[in-house]
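Colleague: Predicted structure and sequence below. I'll ask about it afterward.
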Amino acid sequence: MSEKQYQPAKVWTWDQNGAGSWSKTNRPIAGPTHEKTLPIGQHPLQLYSMGTPNGQKITILLEELLALGVKEAEYDAHLIRISAGDQFSSGFVDVNPNSKIPALLDCSVNPPIRVFESGAILLYLADKFGFFLPQDIAARTEALNWLFWLQGSAPYLGGGFGHFYHYAPEKIEYAIDRFTMEAKRQLDVLDRQLADHDYIAGEEYTIADMAIWPWYGNLVRNNQYEAAEFLDVQSYKNVQRWAEVIENRPAVKRGRIVNRTWGEPAEQLHERHDASDFDLNTEDKRQA
């Protein structure tokens with residue numbers, strides 16, 4: 001225990017300089033901080049995002065739809081640099097008043113439809129195009145069960161475990177233990193489900209897999225938080241099998257690098273405006 005224990009004030013006040021590198025990504029008030037119009041590309045769908053797990057969900061689905069030949073799923077993926085506060089621009093807040101990525105504008109209709117929250121975007125696109133969400137009521141409900149499971153569980157993994165284990169400037173044993181226990185419980189939930197099923201919601205690949213893989217698949221493949229050994233992810237054999245199968249899908253390989261600005265240059269495609277960008281505009285090509 002530290003010599004001086006933290007005691008909360010009677011009324012919390014915001015220290016704008018106290019959050020370090022997080023100071024531009026979080027604040028206790030909503031609304032825009034500056035005026036800026038969002039760019040609009042040439043395709044029906046306009047995505048404003050960053051290649052975090054929540055952002056990857058949408059680009060993976062869009063790439064899977066395009067792989068099926070759904071031309072109406074063509075999209076522009078505009079980079080929102082959350083560390084620079086792009087999510088607080090007036091244009092972005094108009095699309096998502098919660099100032100979180102990803103956000104989507106469907107410009108194939110007039111007026112355009114805004115969709116925010118990654119789970120809502122997955123559901124909207126699956127319903128719009130008729131793929132990756134079963135029509136049978138029982139199978140559809142099971143897929144939605146797991147989609148909403150992810151929406152409730154991922155904050156514990158990202159904002160909880162990932163933050164305190166990987167990002168926090170001070171390692172707090174109580175916080176790490178608290179969220180490690182929950183992260184491992186969630187991995188066990190998935191491992192038990194996948195013991196009897198090829199995919200999360202059954203034998204069919206759905207938006208539930210696309211929602212869960214960027215968080216838990218990346219985690220067990222050691223692509224996130226550098227925590228694979230700490231969490232003993234090799235012990236979750238069924239999750240490992242599932243994660244590898246998903247990772248090797250060509251559309252997933254493409255979708256997971258869109259709006260990505262870190263890691264190997266060959267796995268960074270800052271913006272995607274055409275299918276050729278995967279061959280021509282990854283950062284290794286741009287820097288050559």
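Modeller: On my side now, so go ahead.

Colleague: Quick test: name the residue nearest the centre of the protein.
Modeller: Computing the C-alpha centroid of the chain and ranking residues by Cα atoms, centre = their mean puts residue 54 first, at 1.3 Å.

Colleague: Correct me if wrong: that residue contacts residue 118.
Modeller: Yes - Residue 54 lies in contact with residue 118 (Cβ atoms under 8 Å); the separation is 4.5 Å. The way it works is simple: take the backbone N, C-alpha and C, and place the C-beta from them, glycine included.

Colleague: anything in contact with each of these two?
Modeller: Residues touching both residue 54 and residue 118 (Cβ atoms under 8 Å, 6 or more residues apart in numbering) are residue 102.

Colleague: and the nearest residue to residue 128 once chain neighbours are set aside, how many neighbours?
Modeller: Excluding its sequence neighbours, the residue lying closest to residue 128 (Cβ to Cβ, 6 or more residues apart in numbering) is residue 106, at 7.6 Å. Counted with other Cβ atoms under 10 Å, the neighbours of residue 106 add up to 18.

Colleague: what's the answer for residue 141, then?
Modeller: 11.

Colleague: and it, what pLDDT?
Modeller: Listed pLDDT for residue 141 reads 98.

Colleague: One more: residue 25?
Modeller: pLDDT, residue 25: 79.

Colleague: what helices or strands is the helix or strand where residue 149 lies leaning on?
Modeller: Using DSSP states H and E, residue 149 sits within helix 137-155. If contacts are counted by 3 or more Cβ pairs under 8 Å, 6 or more residues apart in numbering; DSSP states H and E, helix 137-155 sits against helix 118-129, helix 173-194, helix 207-212.

Colleague: List the buried residues of it.
Modeller: 139, 140, 142, 143, 144, 146, 147, 149, 150, 151, 153, 154 (16 or more other Cβ atoms under 10 Å).

Colleague: And stretch 114-134, by the same measure?
Modeller: 115-119, 121-123, 125-126, 128-129, 131-134.

Colleague: got the CA coordinates for that stretch in CSV?
Modeller: Output of stretch 114-134 as CSV, limited to C-alpha atoms (Å, rounded to 0.1, in the frame of the first residue of the first chain):
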residue,chain,number,x,y,z
ARG,A,114,-26.7,8.5,-39.1
VAL,A,115,-25.8,5.4,-37.1
PHE,A,116,-23.6,5.5,-34.0
GLU,A,117,-22.6,2.9,-31.5
SER,A,118,-20.7,0.0,-33.0
GLY,A,119,-23.3,-2.6,-32.2
ALA,A,120,-26.1,-0.5,-33.7
ILE,A,121,-24.0,-0.1,-36.9
LEU,A,122,-23.4,-3.9,-37.2
LEU,A,123,-27.1,-4.5,-36.8
TYR,A,124,-28.1,-1.7,-39.2
LEU,A,125,-25.8,-3.0,-41.9
ALA,A,126,-26.7,-6.7,-41.4
ASP,A,127,-30.4,-5.8,-41.7
LYS,A,128,-29.9,-3.4,-44.6
PHE,A,129,-28.0,-6.0,-46.8
GLY,A,130,-29.4,-9.2,-45.4
PHE,A,131,-26.2,-11.0,-44.6
PHE,A,132,-24.5,-12.3,-41.4
LEU,A,133,-27.6,-12.2,-39.3
PRO,A,134,-29.9,-15.2,-39.5
